[in-house]
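In: Provided below for reference: sequence and predicted model.
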Amino acid sequence: MSTSEKAGSGAPAQGGAGTGGSAQGNRKAPAARSAAGRKGSARGKAATDGPAMGQATAEGSAIGEAVAHDSAIGDRKAAPSGPAGGVSRRRLFGVAGAAGAVGLVGGGAAGAAATAAGHHDPVALTTVGSAHIPFEGARQAGIVQPAQARGHLVAFDLAPGADRRAAAALLRRWSDAVRSMTRADRPAAPAAYDDQVAYDAGPASLTVTFGFGRSFFGRTGLGSALPEALAPLPDFPGDHLDRTRSDGDLWVQIGADDALVAFHALRVLQKAARDTAAVRWQMNGFSRTPGATAHPMTGRNLMGQIDGTNNPKPTDPDFESRVFVPAHGSPAWMAGGSYAVVRRIRMLLDDWDHLPVARQEQVIGRRKSDGAPLSGGTETTPVDLAKFRPDGSLAIAGDAHIRVAAPASNSGAAMLRRSFSYHDGIGADGVPDAGLLFVAWQADPMRGFVPVQRKLDGADGLSRFLRHEASGLFAVPGGAGPGEYVGQRLLEG
Ligand SMILES: C=CC1=C(C)c2cc3[nH]c(cc4nc(cc5[nH]c(cc1n2)c(C)c5CCC(=O)O)C(CCC(=O)O)=C4C)c(C)c3C=C
Ligand SMILES: [Fe+2]
């Protein structure tokens with residue numbers, strides 16, 4: 001999987017209105033946060049110790065209470081930094097504001113001069129570093145927020161002999177580690193376990209999202225809890241799947257707006273897996289960096305198209321029911337969860353780049369420059385699939401991607417696309433191994449990805465320029481509350 005269909009995939013712009021996630025958290029004063037932070041510098045234990053997690057959990061819950069609770073869409077908060085972080089809230093915002101202004105008019109030169117002179121004045125985290133997405137909440141983070149600048153997708157297989165108890169201990173270790181790594185403040189000193197790769201950085205919108213593959217249930221004796229929605233995806237005739245880079249017992253999606261923060265999380269989780277699980281496959285993705293454009297806007301994919309425009313919006317009346325399993329849904333342990341379809345889709349970029357832009361636009365059904373539908377208007381104008389041009393031809397061609405993929409062409413089927421782009425180098429033939437780590441979220445894959453991909457596979461003009469190389473489907477449970485771990489309702493239910 002790769003970046004998504006988009007980066008920004010339609011997900012609301014950073015800082016945009018929240019969705020369903022009403023802030024439920026108990027915000028504590030900065031002093032309380034600092035105390036939690038200091039306690040939490042035992043956070044290494046969360047990642048490295050085994051079932052001695054009880055202690056880490058107690059600490060974790062103190063940290064958890066210190067932050068706003070639910071993960072509202074686009075809710076990347078600038079984290080107030082207390083004394084533990086060494087930067088006061090006043091200073092954080094004061095300096096960030098000044099740095100922002102200076103950055104536009106030559107802050108780079110000023111910074112270089114300071115470094116050359118050997119001065120390292122204390123500077124606050126920028127808004128990118130300090131942006132904080134709470135780990136705890138009714139939903140896992142990393143679904144409704146905009147895709148971050150850096151993403152890692154990883155699947156793990158349980159080690160032979162690792163049972164339900166071992167899996168529960170692993171999810172506990174992982175959850176406690178993420179609770180610690182995503183907190184708003186920084187510890188006064190690095191924990192013993194910490195490789196310090198990200199020690200100087202703020203949370204940088206780090207999210208880590210955990211899911212279970214179908215094979216997990218058989219291996220842990222949890223067959224009776226297997227969701228119907230986790231039935232294997234059908235074979236699509238156009239697929240070229242590498243099974244070694246598909247599926248997996250456990251799936252982890254890491255996103256952060258800083259590459260070191262994202263790598264650090266990946267490394268911590270891999271080490272925490274220890275003897276319980278080993279990496280099956282891993283893919284690296286990216287998306288637009290916040291602040292790279294003059295104003296927040298829908299991102300582009302590696303074909304150059306604005307991608308993500310017509311994603312379901314949190315303000316849509318049916319957003320929740322399309323994307324999330326309802327509170328009283330089945331199985332009960334999936335309440336508040338979602339199903340992630342992950343596809344590594346290679347783009348045949350040389351072929352695509354040979355196509356004149358006007359043809360590229362017909363293939364998608366939208367203008368390349370600004371994403372406006374070929375039926376007229378601007379990027380956000382509703383698509384008119386029934387519109388004809390004066391010459392009698394359809395404004396949006398019969399095989400245009402947005403026609404074939406639209407809910408209107410698929411009995412209402414829809415999904416939230418939140419992908420990352422990937423680029424794994426250039427082959428000996430000079431062709432980039434690049435494309436989309438497509439991640440689609442839905443309450444039920446049979447009412448989301450499956451019918452749409454069935455149709456795209458045969459009728460989409462874009463499919464001639466794509467190769468689906470890997471695939472996975474994962475059940476992503478609801479989020480963890482204070483002291484809980486992700487998947488607890490499954491593993492202890
Ligand atoms: C099975 C679902 C989909 C796959 C796989 C898929 C791959 C894919 N898409 C693009 C580029 C774009 N897709 C766009 C819209 C769009 N795509 C899907 C579904 C899949 N895409 C849907 C449901 C939609 C929305 C259709 C609508 O209702 O209008 C667009 C247009 C902008 C947008 O709305 O996001 C682009 C561009 C690529 C490059 C790709 C595989 C690599
Ligand atoms: Fe698409």
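Out: Okay, I see it. For clarity, every value in this text was computed on a predicted model and none was experimentally measured. Ligands and ions are numbered 1, 2, ... in the order given.
In: just the strands in the stretch 301-450 of the chain please.
Out: For the stretch 301-450 of the chain, the strands defined by DSSP state E, counting those that start in this stretch occupy 338-347, 416-417, 420-426, 432-442.
In: out of those, which comes closest to Asp195?
Out: Comparing the strands of the stretch 301-450 of the chain against Asp195 with CB to CB, the closest turns out to be strand 420-426 (23.9 Å). C-beta here means a position set from N, CA and C on the backbone, and glycine is covered the same way.
In: hang on, the earlier thing: format the strands of the stretch 301-450 of the chain as JSON lines; extra columns: distance to ligand 1 and mean neighbour count.
Out: What follows is these, written out as JSON lines (distance: least, CB to the nearest ligand atom, whole Å; neighbours: other CB atoms under 10 Å):
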{"stretch": "strand 338-347", "distance to ligand 1": "4", "mean neighbour count": "25"}
{"stretch": "strand 416-417", "distance to ligand 1": "6", "mean neighbour count": "26"}
{"stretch": "strand 420-426", "distance to ligand 1": "9", "mean neighbour count": "19"}
{"stretch": "strand 432-442", "distance to ligand 1": "4", "mean neighbour count": "25"}
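In: possible to save these as JSON lines with mean pLDDT and distance to Arg186?
Out: Conversion of those to JSON lines gives the following (pLDDT from 0 to 100; distance: least, CB to CB, whole Å):
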{"stretch": "strand 338-347", "mean pLDDT": "98", "distance to Arg186": "30"}
{"stretch": "strand 416-417", "mean pLDDT": "98", "distance to Arg186": "32"}
{"stretch": "strand 420-426", "mean pLDDT": "98", "distance to Arg186": "26"}
{"stretch": "strand 432-442", "mean pLDDT": "98", "distance to Arg186": "29"}
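In: take these and lay them out in TSV including distance to Phe388.
Out: Shown next, in TSV, are the strands of the stretch 301-450 of the chain (distance: least, CB to CB, whole Å):
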stretch	distance to Phe388
strand 338-347	31
strand 416-417	29
strand 420-426	35
strand 432-442	31
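In: how many residues are close by the residue nearest to Arg173 when sequence neighbours are not counted?
Out: Among residues not flanking Arg173 along the chain, Ala272 sits closest, at 4.6 Å (CB to CB, 6 or more residues apart in numbering). A count of nearby residues for Ala272, using other CB atoms under 10 Å, gives 23.
In: right, and the helix or strand after the helix or strand hosting Ala272?
Out: Per DSSP states H and E: Ala272 is located in helix 259-273. Once the chain leaves helix 259-273, the next helix or strand it forms, by DSSP H and E, is strand 277-286.
In: can that following strand be found next to ligand 1?
Out: No - using CB under 6 Å from any ligand atom, strand 277-286 stays clear of ligand 1, coming no nearer than 12.2 Å.
In: so that strand versus strand 338-347, what angle?
Out: Angular relation of strand 277-286 and strand 338-347 on a 0 to 180 degree scale: 60 degrees, by axes from the mean of the first three to the mean of the last three CA atoms, to 10 degrees.
In: other SSEs contacting strand 277-286?
Out: strand 150-158, helix 259-273, strand 420-426 (3 or more CB pairs under 8 Å, 6 or more residues apart in numbering; DSSP states H and E).
In: so of the ones you listed, which one's packed in deepest?
Out: Among the helices and strands packed on strand 277-286, strand 150-158 has the highest mean neighbour count (mean count of other CB atoms under 10 Å), at a mean of 24.
In: now do that strand, average pLDDT.
Out: Per-residue pLDDT over strand 150-158 has a mean of 98.
In: now swap in stretch 456-474 and tell me
Out: Rounded mean pLDDT across stretch 456-474 is 97.
In: which parts of the stretch 201-350 of the chain sit against ligand 1?
Out: So far as CB under 6 Å from any ligand atom goes, the stretch 201-350 of the chain lies against ligand 1 at 301, 303, 305, 307-310, 343, 345, 347.
In: nearest to Gln282, of these?
Out: Nearest to Gln282, judged by CB to CB, of those is Arg343 at 15.5 Å.
In: name the nearest of the residues of the stretch 201-350 of the chain next to ligand 1 relative to Thr244.
Out: Proximity of those to Thr244 (CB to CB) peaks at Arg343, which lies at 15.3 Å.
In: ok so, going back, reformat the helices and strands packed on strand 277-286 as CSV; add distance to Ala169.
Out: Output for the helices and strands packed on strand 277-286, formatted as CSV (distance: least, CB to CB, whole Å):
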stretch, distance to Ala169
strand 150-158, 12
helix 259-273, 10
strand 420-426, 30
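In: for the ones you listed, which one sits closest to Ala332?
Out: strand 150-158 (23.4 Å).
In: any idea how far ligand 1 is from the residue nearest to the spatial centre of the chain?
Out: Per CA atoms, centre = their mean, the C-alpha nearest to the average position across the chain is that of Gly142, at 4.1 Å. Going from Gly142 to ligand 1 by CB to the nearest ligand atom, to the nearest Å gives 19 Å.
In: what does Gln488 give?
Out: Distance from Gln488 to ligand 1, by CB to the nearest ligand atom: 32 Å.
In: is it true that Tyr339 touches Met446?
Out: No - Tyr339 is beyond contact range of Met446, at 9.5 Å (criterion: CB atoms under 8 Å).
In: overlap in contacts of the two?
Out: Jointly contacting Tyr339 and Met446 under the rule CB atoms under 8 Å, 6 or more residues apart in numbering are Ala229.
In: so, low pLDDT: which residues of the stretch 1-150 of the chain?
Out: Across the stretch 1-150 of the chain, the ranges flagged by pLDDT under 70 are 1-124.
In: pull the CA atoms of stretch 340-347 into CSV?
Out: Extracted in CSV, the C-alpha atoms of stretch 340-347 (Å, rounded to 0.1, in the frame of the first residue of the first chain):
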residue,chain,number,x,y,z
ALA,A,340,-8.9,-1.4,6.4
VAL,A,341,-8.3,-2.6,2.8
VAL,A,342,-4.6,-2.2,2.0
ARG,A,343,-3.4,-2.4,-1.6
ARG,A,344,0.1,-1.7,-3.0
ILE,A,345,-0.8,-0.3,-6.4
ARG,A,346,2.1,0.3,-8.7
MET,A,347,1.7,3.2,-11.2
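In: show me what contacts the closest residue in space to Gly427 that isn't next to it in sequence?
Out: Spatial nearest neighbour of Gly427, excluding adjacent residues (CB to CB, 6+ apart): Asp433 at 6.1 Å. Taking CB under 8 Å, 6+ apart, we find Asp433 in contact with 346, 423-427.
In: separation between Met446 and ligand 1?
Out: Per CB to the nearest ligand atom, Met446 is found 13 Å from ligand 1.
In: can you get me a residue count around that residue?
Out: By other CB under 10 Å, 16 other residues sit near Met446.
In: list the contacts of it.
Out: Contacts of Met446 by CB under 8 Å, 6+ apart are 229, 231.
In: again, only this time at 6 Å
Out: With contacts defined as CB atoms under 6 Å, 6 or more residues apart in numbering, Met446 has no neighbours.
In: same question for Ile364.
Out: 305, 401.
In: save the contacts of Asp433 as TSV, and put in distance to Gly329 too.
Out: Output for the contacts of Asp433, formatted as TSV (distance: CB to CB, whole Å):
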residue	distance to Gly329
Arg346	34
His423	38
Asp424	37
Gly425	42
Ile426	45
Gly427	44
